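# give me coordinates for this.
(one chain, ligands or ions: 3)
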Amino acid sequence: MNYNIAVIKGDGIGPDIVDQALLVLDQVGEKFGHTFNYTEVLAGGAAIDAVGHSLPDETVTVCKASDAVILGAVGGPKWDSLTSGDRPEKALLGLRAALGLFANIRPAIMYNELRDACPLKDRIIGEDGIDIVVVRELTGGIYFGDRGHGFGDMGEYMYDTMKYSEKEVERIAIRAFEIARKRNKKVTSVDKANVLDNSKLWRKVVEKVALDYPDIELNHLYVDNAAMQLVINPKQFDVIVTGNMFGDILSDEASMITGSIGMLPSASLGESGIGMYEPIHGSAPDIAGQDKANPIATVLSIAMMLRYSFNLEAEADAVENAVAKVLEAGNRTGDIMSDGCTLVGTKKMGALLLEHL
Ligand SMILES: NC(=O)C1=CN([C@@H]2O[C@H](COP(=O)(O)OP(=O)(O)OC[C@H]3O[C@@H](n4cnc5c(N)ncnc54)[C@H](O)[C@@H]3O)[C@@H](O)[C@H]2O)C=CC1
Ligand SMILES: CC(C)CC(=O)C(=O)O
Ligand SMILES: [Mg+2]
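Ligands and ions are numbered 1, 2, ... in the order given. The predicted structure is shown next:
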């Protein structure tokens, strides 16, 4: 089969990690007889530098015409205070909205080999480790609400608003319950319903959706407690469903309890059609271009693309097995390094993954 993929390498470590992930994908193609055609397009800081704004129309057009999108990461200090008001992160939000990608699936699964990289005590992780899926709403909430600024009694003010509509909550809740049905049948909905009205609506709609899933256990946590529970008792979670900002924050936290943010992939999906696949981390300017970034989150995002967008289960398994074998053999990038293991760079990690595929 032939697949057309839009590739956005982005900024910082984006090109470092995407290059390795594409080598892995090419090898999957050779091994299983598929052709993956890449169209590289610009977004983020790289697009600002090249054409003056973060999300060129051409990028959206190419992404819409593709079977899937692979994205590294965008952003960096170079573009943090542009006078135009544009910034690389706007491209990411714009792309998610333009492609209708309202569901961001972030599996936080701990590889047994990475137990030492987990900052939690053994008694908290237990023998079988951590296996949580964060289902984050991706095109609504405070990242997309009305915003403004002005001057008042306390000087200059700025505001962002957090709004959720019934349908937005309903469709993400359905995704979470469907995922839970194929797993351990538990959904934890995270909100701030003790303070925020939009969270009250969130809770009401999630409870309504739950009526169609009597086989799934539902509980609710306030986000502050959820952040704490992830550290003291992460094993209580199966599927976490939450809004855009809470999911952004909690998934970074969940990633660290599995060992590193450099390990967590994600799939951004809509009603149907194309998906966008990206690691959950950012552009890590502190290690960009130094051959230090862990490419595994991006490689595992490619496995999610093979599975969710192309229905290529065996191919996805092969990629995930290669990751497991490379870790079993004791190879580690700096973020997951522990005593007795071999420290490798981004490129070497990519080469090892190819060897084990
Ligand atoms: N999806 C995206 O494009 C995202 C972009 N960003 C942007 O990225 C820039 C940096 O943001 P930060 O808050 O520093 O978050 P970050 O996720 O880029 O980095 C946080 C820490 O994790 C480390 N890290 C991240 N990915 C790694 C990897 N693959 N291997 C090894 N270490 C890794 C970094 O070195 C840093 O110490 C900002 O401009 C931010 O807006 C942040 C999050 C997501
Ligand atoms: C621009 C941000 C919303 C990116 C981010 O942190 C994320 O999607 O995880
Ligand atoms: Mg984030």
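# longest strand of the chain?
Counting residues, the longest strand found in the chain (DSSP state E) is strand 2-10.
# quick one: contacts of that one?
14-15, 18-19, 22, 25, 34-46, 59, 62-63, 65-74, 88, 95, 283, 305, 310 (C-beta atoms under 8 Å, 6 or more residues apart in numbering). C-betas here are computed from N, CA, C, even on glycine.
# restricted to helices, list those residues.
The helices, defined by DSSP state H, take in 14-15, 18-19, 22, 25, 45-46, 59, 62-63, 88, 95, 305 from those.
# burial measure for the residue in the stretch 201-350 of the chain positioned nearest to ligand 1, as a count.
Here the stretch 201-350 of the chain gets closest to ligand 1 at one residue, G282, 2.4 Å apart by C-beta to the nearest ligand atom. Other residues within reach of G282, judged by other C-beta atoms under 10 Å, total 21.
# can you report how many residues lie near the residue lying closest to it once chain neighbours are set aside?
Of all residues not flanking G282 in the chain, A73 sits nearest, at 5.0 Å (C-beta to C-beta, 6 or more residues apart in numbering). By other C-beta under 10 Å, 31 other residues sit near A73.
# residue in the stretch 51-200 of the chain nearest to ligand 1?
For the stretch 51-200 of the chain, C-beta to the nearest ligand atom, closest residue to ligand 1: G75, 2.5 Å.
# list the residues that contact the residue in the stretch 101-250 of the chain positioned nearest to ligand 2.
Taking C-beta to the nearest ligand atom, ligand 2 has its nearest neighbour within the stretch 101-250 of the chain at D248, 4.6 Å off. Counting by C-beta under 8 Å, 6+ apart, D248 touches R136, Y143.
# check the gap between it and A173 for me.
Remark: distance between D248 and A173 (C-beta to C-beta, to the nearest Å) = 18 Å.
# before we move on, the earlier item: sheet partners, orientation included, of the longest strand of the chain?
In the sheet, strand 2-10 lines up against strand 35-40 (parallel), strand 68-73 (parallel) (DSSP bridges).
# what helix or strand is R307 on?
For R307, the host element (DSSP states H and E) is helix 296-308.
# thought A284 was touching P15?
No. With contact taken as C-beta atoms under 8 Å, A284 and P15 are classed as non-touching, separated by 11.9 Å.
# who has more neighbours out of those two?
Of the pair A284 and P15, A284 is the one with more neighbours under other C-beta under 10 Å, namely 24 against 18.
# how about that one, what does it touch?
G12, I13, A73, A293 are the contacts of A284 under C-beta under 8 Å, 6+ apart.
# so is stretch 96-109 next to ligand 1?
No. Figure legend: stretch 96-109 not in contact with ligand 1 (C-beta under 6 Å from any ligand atom); closest approach 9.8 Å.
# what distance separates that stretch from the middle of the whole chain?
Centroid displacement of stretch 96-109 relative to its chain, using C-alpha atoms, centre = their mean, to the nearest Å, is 7 Å.
# identify the residues contacting stretch 131-140?
Outside stretch 131-140, the residues that reach it (C-beta under 8 Å, 6+ apart) are 96-97, 100-110, 163-165, 168-169, 172, 175-176, 179, 183, 234, 237-244, 246-248, 250-251, 254, 268.
# thinking P107 is in contact with P265, fair?
Yes. Assessed by C-beta under 8 Å, P107 is found in contact with P265 at 6.9 Å.
# extract the C-alpha set from stretch 305-324 and format it as PDB.
What follows is stretch 305-324, C-alpha atoms only, in PDB (Å, rounded to 0.1, in the frame of the first residue of the first chain):
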ATOM      1  CA  MET A 305      -0.100   6.100  13.400                       C
ATOM      2  CA  LEU A 306       0.400   2.600  11.900                       C
ATOM      3  CA  ARG A 307      -2.300   1.300  14.200                       C
ATOM      4  CA  TYR A 308      -4.900   4.000  14.300                       C
ATOM      5  CA  SER A 309      -4.700   5.700  10.800                       C
ATOM      6  CA  PHE A 310      -3.600   2.800   8.700                       C
ATOM      7  CA  ASN A 311      -4.900  -0.200  10.600                       C
ATOM      8  CA  LEU A 312      -1.400  -1.900  10.300                       C
ATOM      9  CA  GLU A 313      -1.400  -3.800  13.600                       C
ATOM     10  CA  ALA A 314       1.600  -6.100  12.900                       C
ATOM     11  CA  GLU A 315       3.700  -3.200  11.700                       C
ATOM     12  CA  ALA A 316       2.800  -1.200  14.900                       C
ATOM     13  CA  ASP A 317       3.700  -4.200  17.000                       C
ATOM     14  CA  ALA A 318       7.000  -4.500  15.200                       C
ATOM     15  CA  VAL A 319       7.900  -0.900  16.000                       C
ATOM     16  CA  GLU A 320       6.900  -1.300  19.700                       C
ATOM     17  CA  ASN A 321       8.800  -4.600  20.000                       C
ATOM     18  CA  ALA A 322      11.900  -2.900  18.600                       C
ATOM     19  CA  VAL A 323      11.700  -0.200  21.300                       C
ATOM     20  CA  ALA A 324      11.300  -2.900  24.000                       C
END
